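Visitor: next comes the sequence, and after it the predicted model I'd like to discuss.
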Amino acid sequence: MTESTAHSENQPTEGGLKHRHLLGLEGYSAGEIHLILETARQFRDVLDRPIRRVPTLRGITVVNLFFEPSTRTRISFELAEKRLSADTVNFTASGSSVSKGETLKDTAQNIEAMKIDMVVLRHVSAGAPHFLTRCVDAVVINAGDGAHEHPTQALLDMLTISDHLGSLEGRNISIIGDILHSRVARSNIHGLLAVGANVTICGPNPLLPRHLEEMSPNGRVRVTHRLDEALEGADVAMALRIQMERQGRNLFPSTREYHEQYGIRLEHLDRYPDLLVMHPGPVNRGVELASEVVDHERAVILNQVTNGVAVRMAVLYLLSGSRVAE
Ligand code: CP
(Lines give C-alpha, C1' and ligand atoms only; values in the text may rest on other atoms or scores of the structure.)
Protein backbone atom coordinates (compact mmCIF):
# COMPACT_ATOMS: atom_id res chain seq x y z
CA MET A 1 0.00 0.00 0.00
CA THR A 2 1.44 3.40 -0.95
CA GLU A 3 1.75 6.35 1.38
CA SER A 4 -0.84 8.30 -0.56
CA THR A 5 -3.53 5.65 -0.22
CA ALA A 6 -2.67 4.20 3.15
CA HIS A 7 -4.46 5.31 6.26
CA SER A 8 -1.92 4.68 8.96
CA GLU A 9 -4.44 3.95 11.73
CA ASN A 10 -6.04 1.27 9.58
CA GLN A 11 -3.13 -0.85 8.58
CA PRO A 12 -3.88 -4.54 8.98
CA THR A 13 -1.93 -6.61 11.42
CA GLU A 14 1.31 -8.28 10.25
CA GLY A 15 1.14 -10.58 7.24
CA GLY A 16 -1.62 -10.76 4.67
CA LEU A 17 -4.08 -13.10 3.02
CA LYS A 18 -2.61 -16.01 1.09
CA HIS A 19 -5.64 -15.96 -1.21
CA ARG A 20 -6.10 -13.55 -4.12
CA HIS A 21 -9.91 -13.96 -4.12
CA LEU A 22 -12.56 -14.68 -1.51
CA LEU A 23 -14.56 -17.47 -3.11
CA GLY A 24 -15.42 -19.27 0.10
CA LEU A 25 -14.01 -19.93 3.56
CA GLU A 26 -13.06 -23.49 2.61
CA GLY A 27 -9.28 -23.43 2.63
CA TYR A 28 -8.99 -20.18 4.60
CA SER A 29 -6.78 -20.71 7.63
CA ALA A 30 -7.47 -19.59 11.20
CA GLY A 31 -4.72 -16.99 10.75
CA GLU A 32 -6.38 -15.50 7.67
CA ILE A 33 -9.79 -15.44 9.36
CA HIS A 34 -8.39 -13.76 12.46
CA LEU A 35 -6.58 -11.22 10.26
CA ILE A 36 -9.88 -10.31 8.54
CA LEU A 37 -11.70 -10.04 11.90
CA GLU A 38 -8.94 -7.92 13.43
CA THR A 39 -8.88 -5.63 10.39
CA ALA A 40 -12.69 -5.35 10.58
CA ARG A 41 -12.39 -4.25 14.24
CA GLN A 42 -10.01 -1.50 13.15
CA PHE A 43 -12.38 -0.35 10.42
CA ARG A 44 -15.26 -0.42 12.89
CA ASP A 45 -13.53 2.41 14.74
CA VAL A 46 -13.68 4.42 11.51
CA LEU A 47 -17.42 3.78 11.26
CA ASP A 48 -17.93 5.23 14.74
CA ARG A 49 -16.32 8.56 13.81
CA PRO A 50 -18.26 11.67 12.67
CA ILE A 51 -16.64 11.33 9.21
CA ARG A 52 -16.94 7.66 8.32
CA ARG A 53 -14.58 7.62 5.36
CA VAL A 54 -10.91 6.81 4.73
CA PRO A 55 -8.95 7.15 1.47
CA THR A 56 -7.71 3.54 1.57
CA LEU A 57 -9.15 2.38 -1.78
CA ARG A 58 -8.97 5.67 -3.66
CA GLY A 59 -8.42 4.87 -7.33
CA ILE A 60 -9.83 1.34 -7.06
CA THR A 61 -13.00 0.52 -9.01
CA VAL A 62 -15.35 -2.14 -7.68
CA VAL A 63 -18.34 -3.56 -9.56
CA ASN A 64 -21.14 -5.16 -7.54
CA LEU A 65 -22.67 -7.80 -9.81
CA PHE A 66 -25.92 -9.02 -8.29
CA PHE A 67 -27.81 -11.69 -10.22
CA GLU A 68 -29.99 -12.53 -7.20
CA PRO A 69 -31.99 -10.31 -4.82
CA SER A 70 -30.20 -8.92 -1.77
CA THR A 71 -30.75 -6.20 0.80
CA ARG A 72 -28.05 -6.57 3.47
CA THR A 73 -25.14 -7.87 1.39
CA ARG A 74 -25.57 -5.47 -1.53
CA ILE A 75 -26.04 -2.34 0.58
CA SER A 76 -23.24 -3.19 2.99
CA PHE A 77 -20.76 -3.92 0.19
CA GLU A 78 -21.66 -0.62 -1.44
CA LEU A 79 -21.34 1.23 1.88
CA ALA A 80 -18.03 -0.50 2.60
CA GLU A 81 -16.69 0.55 -0.80
CA LYS A 82 -17.83 4.14 -0.33
CA ARG A 83 -16.37 4.30 3.21
CA LEU A 84 -13.04 3.20 1.67
CA SER A 85 -13.32 5.85 -1.10
CA ALA A 86 -13.44 3.26 -3.91
CA ASP A 87 -15.32 4.02 -7.14
CA THR A 88 -18.35 1.72 -7.21
CA VAL A 89 -20.71 0.57 -9.93
CA ASN A 90 -23.83 -1.46 -9.23
CA PHE A 91 -25.19 -4.03 -11.63
CA THR A 92 -28.40 -5.97 -11.21
CA ALA A 93 -29.47 -8.59 -13.72
CA SER A 94 -32.92 -7.08 -14.19
CA GLY A 95 -32.65 -4.13 -16.55
CA SER A 96 -29.29 -5.35 -17.94
CA SER A 97 -28.43 -7.16 -21.16
CA VAL A 98 -28.69 -10.46 -19.25
CA SER A 99 -32.39 -10.23 -20.13
CA LYS A 100 -31.29 -10.31 -23.80
CA GLY A 101 -29.38 -13.54 -23.21
CA GLU A 102 -25.87 -12.25 -22.42
CA THR A 103 -23.88 -14.79 -20.41
CA LEU A 104 -22.08 -14.24 -17.09
CA LYS A 105 -18.72 -14.57 -18.87
CA ASP A 106 -19.58 -12.00 -21.55
CA THR A 107 -21.15 -9.67 -19.00
CA ALA A 108 -18.06 -9.80 -16.77
CA GLN A 109 -15.56 -9.47 -19.63
CA ASN A 110 -17.42 -6.46 -21.05
CA ILE A 111 -17.47 -4.80 -17.65
CA GLU A 112 -13.78 -5.57 -17.14
CA ALA A 113 -13.02 -3.96 -20.50
CA MET A 114 -14.08 -0.70 -18.81
CA LYS A 115 -11.07 -1.08 -16.44
CA ILE A 116 -12.24 -2.40 -13.12
CA ASP A 117 -10.21 -3.85 -10.25
CA MET A 118 -12.61 -5.93 -8.15
CA VAL A 119 -15.90 -7.76 -8.67
CA VAL A 120 -18.39 -8.63 -5.94
CA LEU A 121 -20.64 -11.37 -7.29
CA ARG A 122 -23.91 -12.81 -6.06
CA HIS A 123 -25.26 -15.53 -8.33
CA VAL A 124 -27.86 -18.27 -8.23
CA SER A 125 -25.35 -20.89 -9.43
CA ALA A 126 -22.92 -22.56 -7.05
CA GLY A 127 -19.40 -22.06 -8.41
CA ALA A 128 -20.15 -18.91 -10.42
CA PRO A 129 -17.42 -16.87 -8.61
CA HIS A 130 -14.85 -19.64 -9.27
CA PHE A 131 -15.85 -19.58 -12.95
CA LEU A 132 -15.47 -15.80 -13.01
CA THR A 133 -11.85 -15.99 -11.82
CA ARG A 134 -11.08 -17.87 -15.05
CA CYS A 135 -12.73 -15.18 -17.20
CA VAL A 136 -11.39 -11.92 -15.72
CA ASP A 137 -8.22 -10.58 -14.09
CA ALA A 138 -10.10 -8.66 -11.42
CA VAL A 139 -10.19 -9.83 -7.80
CA VAL A 140 -13.43 -11.75 -7.20
CA ILE A 141 -15.39 -11.71 -3.94
CA ASN A 142 -18.25 -14.15 -3.47
CA ALA A 143 -21.36 -12.45 -2.11
CA GLY A 144 -23.32 -15.73 -2.12
CA ASP A 145 -23.37 -18.43 -4.83
CA GLY A 146 -26.39 -20.71 -4.89
CA ALA A 147 -26.35 -23.10 -1.96
CA HIS A 148 -22.54 -23.18 -1.92
CA GLU A 149 -20.90 -20.41 0.17
CA HIS A 150 -21.51 -16.92 1.55
CA PRO A 151 -18.12 -16.19 3.12
CA THR A 152 -18.58 -12.56 4.16
CA GLN A 153 -21.77 -13.54 6.02
CA ALA A 154 -19.86 -16.16 8.01
CA LEU A 155 -17.08 -13.66 8.74
CA LEU A 156 -19.53 -11.09 10.09
CA ASP A 157 -21.20 -13.87 12.09
CA MET A 158 -17.84 -14.81 13.62
CA LEU A 159 -17.08 -11.16 14.42
CA THR A 160 -20.46 -10.85 16.15
CA ILE A 161 -19.91 -14.04 18.17
CA SER A 162 -16.48 -12.86 19.21
CA ASP A 163 -17.87 -9.42 20.22
CA HIS A 164 -20.24 -11.13 22.64
CA LEU A 165 -18.27 -14.16 23.76
CA GLY A 166 -14.60 -13.30 23.27
CA SER A 167 -12.61 -16.19 21.87
CA LEU A 168 -14.27 -18.36 19.21
CA GLU A 169 -12.16 -21.38 20.11
CA GLY A 170 -14.14 -24.01 22.02
CA ARG A 171 -17.46 -22.18 21.61
CA ASN A 172 -20.50 -24.29 20.79
CA ILE A 173 -22.45 -23.01 17.81
CA SER A 174 -25.69 -24.69 16.73
CA ILE A 175 -26.91 -23.99 13.21
CA ILE A 176 -30.61 -24.74 12.93
CA GLY A 177 -32.98 -25.05 9.99
CA ASP A 178 -32.61 -25.37 6.24
CA ILE A 179 -29.03 -26.58 6.18
CA LEU A 180 -29.45 -28.30 2.81
CA HIS A 181 -29.94 -25.06 0.86
CA SER A 182 -27.79 -22.84 3.07
CA ARG A 183 -24.61 -21.20 1.79
CA VAL A 184 -24.46 -19.45 5.18
CA ALA A 185 -24.25 -22.83 6.95
CA ARG A 186 -21.48 -24.07 4.64
CA SER A 187 -19.34 -20.97 5.09
CA ASN A 188 -19.90 -20.93 8.83
CA ILE A 189 -18.97 -24.59 9.15
CA HIS A 190 -15.69 -24.04 7.29
CA GLY A 191 -14.87 -20.86 9.20
CA LEU A 192 -15.94 -21.96 12.68
CA LEU A 193 -14.10 -25.29 12.43
CA ALA A 194 -10.97 -23.49 11.21
CA VAL A 195 -10.92 -21.28 14.32
CA GLY A 196 -11.59 -24.18 16.68
CA ALA A 197 -15.30 -23.76 17.47
CA ASN A 198 -17.63 -26.74 17.83
CA VAL A 199 -20.51 -26.91 15.35
CA THR A 200 -23.84 -28.73 15.61
CA ILE A 201 -26.35 -28.76 12.76
CA CYS A 202 -30.02 -29.38 13.45
CA GLY A 203 -33.10 -29.67 11.28
CA PRO A 204 -35.65 -32.06 9.87
CA ASN A 205 -34.13 -34.84 7.79
CA PRO A 206 -35.26 -33.46 4.40
CA LEU A 207 -33.50 -30.17 5.17
CA LEU A 208 -30.16 -31.79 6.04
CA PRO A 209 -27.68 -32.66 3.27
CA ARG A 210 -28.00 -36.22 2.01
CA HIS A 211 -24.25 -36.66 2.12
CA LEU A 212 -23.40 -35.35 5.56
CA GLU A 213 -19.67 -35.82 5.09
CA GLU A 214 -19.87 -32.95 2.56
CA MET A 215 -20.87 -30.62 5.44
CA SER A 216 -18.89 -32.37 8.12
CA PRO A 217 -15.18 -32.60 7.31
CA ASN A 218 -13.71 -35.56 9.24
CA GLY A 219 -17.02 -36.01 11.07
CA ARG A 220 -16.34 -32.86 13.09
CA VAL A 221 -19.91 -31.53 12.84
CA ARG A 222 -22.45 -32.95 15.28
CA VAL A 223 -25.88 -33.66 13.79
CA THR A 224 -29.21 -33.79 15.58
CA HIS A 225 -32.86 -33.68 14.60
CA ARG A 226 -33.98 -32.47 18.04
CA LEU A 227 -33.97 -28.74 18.77
CA ASP A 228 -33.43 -29.15 22.52
CA GLU A 229 -30.41 -31.35 21.87
CA ALA A 230 -28.97 -28.58 19.70
CA LEU A 231 -29.66 -25.85 22.27
CA GLU A 232 -28.46 -27.69 25.38
CA GLY A 233 -24.92 -26.44 26.05
CA ALA A 234 -24.90 -24.14 23.01
CA ASP A 235 -23.41 -20.65 23.26
CA VAL A 236 -25.10 -19.55 20.04
CA ALA A 237 -28.20 -20.64 18.13
CA MET A 238 -27.88 -19.57 14.52
CA ALA A 239 -31.33 -19.96 12.95
CA LEU A 240 -31.49 -20.16 9.15
CA ARG A 241 -34.22 -19.03 6.80
CA ILE A 242 -36.36 -21.69 5.19
CA GLN A 243 -35.46 -21.11 1.54
CA MET A 244 -38.75 -21.76 -0.19
CA GLU A 245 -37.34 -20.40 -3.46
CA ARG A 246 -34.68 -23.15 -3.63
CA GLN A 247 -37.08 -26.01 -2.85
CA GLY A 248 -38.62 -27.71 -5.87
CA ARG A 249 -41.22 -29.22 -3.57
CA ASN A 250 -42.31 -28.89 0.03
CA LEU A 251 -39.75 -30.64 2.20
CA PHE A 252 -41.79 -30.42 5.41
CA PRO A 253 -45.54 -30.50 6.12
CA SER A 254 -46.18 -26.84 7.02
CA THR A 255 -44.44 -23.75 8.38
CA ARG A 256 -46.63 -24.06 11.51
CA GLU A 257 -45.34 -27.58 12.19
CA TYR A 258 -41.80 -26.46 11.42
CA HIS A 259 -42.11 -23.65 13.95
CA GLU A 260 -43.45 -26.06 16.58
CA GLN A 261 -40.48 -28.40 16.15
CA TYR A 262 -37.60 -26.13 15.15
CA GLY A 263 -38.68 -22.54 15.78
CA ILE A 264 -36.88 -20.76 18.63
CA ARG A 265 -39.43 -19.30 21.04
CA LEU A 266 -39.35 -17.37 24.31
CA GLU A 267 -39.58 -20.64 26.23
CA HIS A 268 -36.19 -21.60 24.77
CA LEU A 269 -34.63 -18.32 25.91
CA ASP A 270 -36.00 -19.06 29.42
CA ARG A 271 -34.70 -22.63 29.36
CA TYR A 272 -31.23 -21.64 28.06
CA PRO A 273 -30.51 -18.33 29.78
CA ASP A 274 -27.05 -17.75 28.26
CA LEU A 275 -28.04 -18.55 24.69
CA LEU A 276 -27.34 -15.90 22.04
CA VAL A 277 -29.63 -15.94 18.98
CA MET A 278 -28.43 -15.09 15.49
CA HIS A 279 -30.01 -15.09 12.03
CA PRO A 280 -28.43 -14.00 8.72
CA GLY A 281 -31.71 -12.47 7.50
CA PRO A 282 -34.14 -12.08 5.98
CA VAL A 283 -36.14 -13.61 8.84
CA ASN A 284 -39.46 -15.39 8.35
CA ARG A 285 -41.00 -14.17 11.62
CA GLY A 286 -42.99 -16.92 13.30
CA VAL A 287 -41.18 -19.67 11.37
CA GLU A 288 -37.46 -19.92 12.29
CA LEU A 289 -37.85 -17.48 15.17
CA ALA A 290 -40.89 -16.34 17.13
CA SER A 291 -41.43 -12.65 16.48
CA GLU A 292 -40.70 -11.84 20.16
CA VAL A 293 -37.36 -13.64 19.86
CA VAL A 294 -36.36 -11.56 16.82
CA ASP A 295 -36.87 -8.42 18.94
CA HIS A 296 -35.36 -9.88 22.13
CA GLU A 297 -32.18 -8.35 23.59
CA ARG A 298 -30.42 -11.72 23.27
CA ALA A 299 -31.00 -11.71 19.51
CA VAL A 300 -28.02 -9.98 17.90
CA ILE A 301 -29.38 -9.90 14.36
CA LEU A 302 -28.91 -6.16 13.85
CA ASN A 303 -25.41 -6.32 15.35
CA GLN A 304 -24.65 -8.87 12.61
CA VAL A 305 -25.85 -6.40 10.00
CA THR A 306 -23.77 -3.56 11.47
CA ASN A 307 -20.68 -5.78 11.47
CA GLY A 308 -21.30 -6.57 7.80
CA VAL A 309 -19.99 -3.18 6.69
CA ALA A 310 -16.74 -3.42 8.69
CA VAL A 311 -16.10 -7.02 7.62
CA ARG A 312 -16.63 -6.14 3.96
CA MET A 313 -14.31 -3.13 4.31
CA ALA A 314 -11.69 -5.50 5.72
CA VAL A 315 -12.11 -8.03 2.92
CA LEU A 316 -12.01 -5.35 0.19
CA TYR A 317 -8.95 -3.76 1.77
CA LEU A 318 -7.00 -6.98 2.32
CA LEU A 319 -7.74 -8.35 -1.16
CA SER A 320 -7.02 -5.07 -2.89
CA GLY A 321 -3.57 -4.81 -1.30
CA SER A 322 -1.55 -5.84 -4.31
CA ARG A 323 -3.51 -3.55 -6.60
CA VAL A 324 -3.26 -0.53 -4.34
CA ALA A 325 0.53 -0.96 -4.40
CA GLU A 326 0.68 -1.20 -8.18
N1 CP B 1 -27.80 -12.31 4.77
C2 CP B 1 -27.98 -11.98 3.47
O3 CP B 1 -27.27 -12.44 2.59
O4 CP B 1 -29.03 -11.12 3.24
P5 CP B 1 -29.38 -10.52 1.82
O6 CP B 1 -29.88 -11.66 0.95
O7 CP B 1 -30.43 -9.48 2.06
O8 CP B 1 -28.13 -9.94 1.23
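Guide: Structure's in. What do you need?
Visitor: quick one: buried residues of the helix or strand hosting Thr306?
Guide: Using DSSP states H and E, Thr306 sits within helix 301-325. Buried residues in helix 301-325, counting neighbours by 16 or more other C-beta atoms under 10 Å, are found at 301, 303-320, 323-324. For the C-beta atoms, the positions are set from N, CA and C on the backbone; glycine is no exception.
Visitor: among the residues you listed, which are in reach of the ligand?
Guide: The subset of the buried residues of helix 301-325 within reach of the ligand, by C-beta under 6 Å from any ligand atom, is empty.
Visitor: excluding its backbone neighbours, what's nearest Gly170?
Guide: Gly196 (6.4 Å; C-beta to C-beta, 6 or more residues apart in numbering).
Visitor: who's in contact with that neighbour?
Guide: For Gly196, the contacting residues are 30, 168-170, by C-beta atoms under 8 Å, 6 or more residues apart in numbering.
Visitor: tell me the one of the residues you listed nearest Gly263?
Guide: The nearest member of the contacts of Gly196 to Gly263, counting by C-beta to C-beta, is Leu168 at 26.3 Å.
Visitor: which SS state does that closest one fall under?
Guide: coil (DSSP: H, G, I helix; E, B strand; the rest coil).
Visitor: list the contacts of the closest residue in space to Val305 that isn't next to it in sequence.
Guide: Of all residues not flanking Val305 in the chain, Arg72 sits nearest, at 5.6 Å (C-beta to C-beta, 6+ apart). With contact set as C-beta under 8 Å, 6+ apart, Arg72 has these partners: 280-281, 305, 308.
Visitor: repeat that for Ser99.
Guide: Here Ser99 is in contact with Ala93 (C-beta under 8 Å, 6+ apart).
Visitor: and it, how far is that from Ala93?
Guide: In this view, Ser99 and Ala93 are 7 Å apart by C-beta to C-beta, to the nearest Å.
Visitor: burial measure for Val136, as a count.
Guide: 17 (other C-beta atoms under 10 Å).
Visitor: returning to that earlier point: so can I have JSON lines of the contacts of Arg72 showing pLDDT?
Guide: Shown next, in JSON lines, are the contacts of Arg72 (pLDDT from 0 to 100):
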{"residue": "Pro280", "pLDDT": "98"}
{"residue": "Gly281", "pLDDT": "96"}
{"residue": "Val305", "pLDDT": "98"}
{"residue": "Gly308", "pLDDT": "98"}
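Visitor: switch the residues you listed over to TSV; also include distance to Leu23.
Guide: Putting the contacts of Arg72 into TSV (distance: C-beta to C-beta, whole Å) gives the following:
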residue	distance to Leu23
Pro280	19
Gly281	22
Val305	23
Gly308	18
